[in-house]
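K.L.:
Test case, fold it:
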Amino acid sequence: AQGEGGGQILRTGLALAVLAGRPVEFVNIRARRPKPGLRPQHLAAVRAAAAVCGAEVRGAEPGASKVYFAPGPVRPGSYRVDVGTAGSALLVLQTVLLPLACAPGPSRLEITGGTHVPWSPCFHYVDRVYRPVLAGMGFRFRIELRRWGWVPAGGGRVTCDITPPAARRPFAGGDGEAPVRVAGVSASSRLPPHVRERQARAAREALERRGVEARVETLEGPADSPGSLVFLWASGGGRWGGATALGARGKPAERVGAEAAAAMLDFLDSGADVDPHLADQLLLPAAAVPEPSRFTVARVTRHLATHAQVLRETGVAGIGWRSVPGGLVAVEIEPKIGKKLERYD
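P.N.:
Model (predicted):
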């Protein structure tokens, strides 16, 4: 029931338990949510975490508010997980990705569920922003989108091939040696082609009015239900960010493109190293490397504060932030568990 109050404490706690080989008990799970307790995507994360380490699990049932999880050693291999709904397949992936990326052998994951759904990183965010950032830190994986999964049907399918890490390195943004580049995709499923074309045009025009050039590719994705999105990403000069806008019934395609462009321009204008969503997703990988990581972000979100609280209270990392010129926040991660993971190297 602490912090942002959703599934983040559960997912982070599961990943930490597997990495550190320590049991964990969760109580008051999602206690303040309209539908408290474990939902299908949270159960899928528990199942996936248990599978990769042969964990003893008690209490993992729909709606449960208390779960006990005692991990065994990480076991590289092939795993399949079905969320069973449009719940995010990518959040399930992120729960077990780091433990498997630190394991002594390669692994393959296949996860079925939502791939482009609200309140979670979409497939393209993980592939175009999160993956290259982690690759620079030594964590190596490749993901492939086999089928798109929108609300409400889900049914998307993602495969992920993970290899043991190279030398693990800290993240440090803001080198300023290369220009920031912006690119994007405008995609739709089971909708007329003009929808994704209008989305792409609106995004490009909004960016061009501010002097930002971007190539926005149009895609049609196989899926069980209709859906659309525009996803834009920025990279270069030590800066990484993504902006997502999802279509909806009655929402003009032009509005979808404009929303994504506005979010990308906000990131570019901020001057931050990483976008606010990447900031909280970076904390656990940064805790798993031997040396401190540093980056700037425009603001501290509830997810970032919650993630930091879990890492601090479990003794995994020292995390602090301070205001710096330009209205930014500088985040610093002093790893503790990262210096104890030699058994994975």
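K.L.:
Could you count how many residues lie near V324?
P.N.:
When neighbours are defined as other C-beta atoms under 10 Å, V324 has 10 of them. C-betas here are computed from N, CA, C, even on glycine.
K.L.:
hey, what's it bridged with?
P.N.:
With DSSP bridges as the criterion, V324 is bridged to L328.
K.L.:
State the distance from it to G174.
P.N.:
Applying C-beta to C-beta, to the nearest Å, the value for V324 to G174 is 11 Å.
K.L.:
Surely P121 touches Q281?
P.N.:
Yes - judged on C-beta atoms under 8 Å, P121 makes contact with Q281 at a distance of 7.2 Å.
K.L.:
Now for the two: what residues contact both?
P.N.:
94, 130 (C-beta atoms under 8 Å, 6 or more residues apart in numbering).
K.L.:
wait, what's in contact with T244?
P.N.:
116, 122, 124-125, 229-231, 260, 263.
K.L.:
What of H42?
P.N.:
Here H42 is in contact with 7, 10-11, 29-30 (C-beta under 8 Å, 6+ apart).
K.L.:
what does R80 give?
P.N.:
So R80 contacts 109-112 (C-beta under 8 Å, 6+ apart).
K.L.:
Can you show me the strands along this structure?
P.N.:
Using DSSP state E, the strands of the chain run over 24-26, 56-58, 67-70, 78-82, 107-113, 140-147, 156-163, 181-189, 214-220, 227-236, 239-246, 293-297, 317-324, 328-335.
K.L.:
Out of these, flag the one nearest R198.
P.N.:
strand 181-189 (8.5 Å; C-beta to C-beta).
K.L.:
The closest one pairs with which strands?
P.N.:
strand 214-220 (parallel), strand 227-236 (antiparallel).
K.L.:
Same list (those) but as TSV, adding mean pLDDT and distance to P292.
P.N.:
As requested, the strands paired with strand 181-189 are exported to TSV (pLDDT from 0 to 100; distance: least, C-beta to C-beta, whole Å):
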stretch	mean pLDDT	distance to P292
strand 214-220	97	34
strand 227-236	97	23
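K.L.:
Deepest-packed of those, please.
P.N.:
Mean neighbour count (mean count of other C-beta atoms under 10 Å) peaks for strand 227-236 among those, with a mean of 24.
K.L.:
What angle do strand 239-246 and it make with each other?
P.N.:
Comparing the axes of strand 227-236 and strand 239-246 via axes from the mean of the first three to the mean of the last three C-alpha atoms, to 10 degrees yields an angle of 170 degrees.
K.L.:
so what's S189 bridging to?
P.N.:
If you apply DSSP bridges, the partners that S189 bridges to are G227.
K.L.:
Mind naming the longest helix for the chain?
P.N.:
helix 253-270 (DSSP state H).
K.L.:
Now do it and strand 181-189, the angle between them.
P.N.:
Going by the same axes, to 10 degrees, helix 253-270 makes 150 degrees with strand 181-189.
K.L.:
Can you point out the buried residues in helix 253-270?
P.N.:
253, 256-261, 263-265, 267-268, 270 (16 or more other C-beta atoms under 10 Å).
K.L.:
and which of those is nearest to C160?
P.N.:
Distances from C160 to those, taken by C-beta to C-beta, are shortest for A260, at 24.9 Å.
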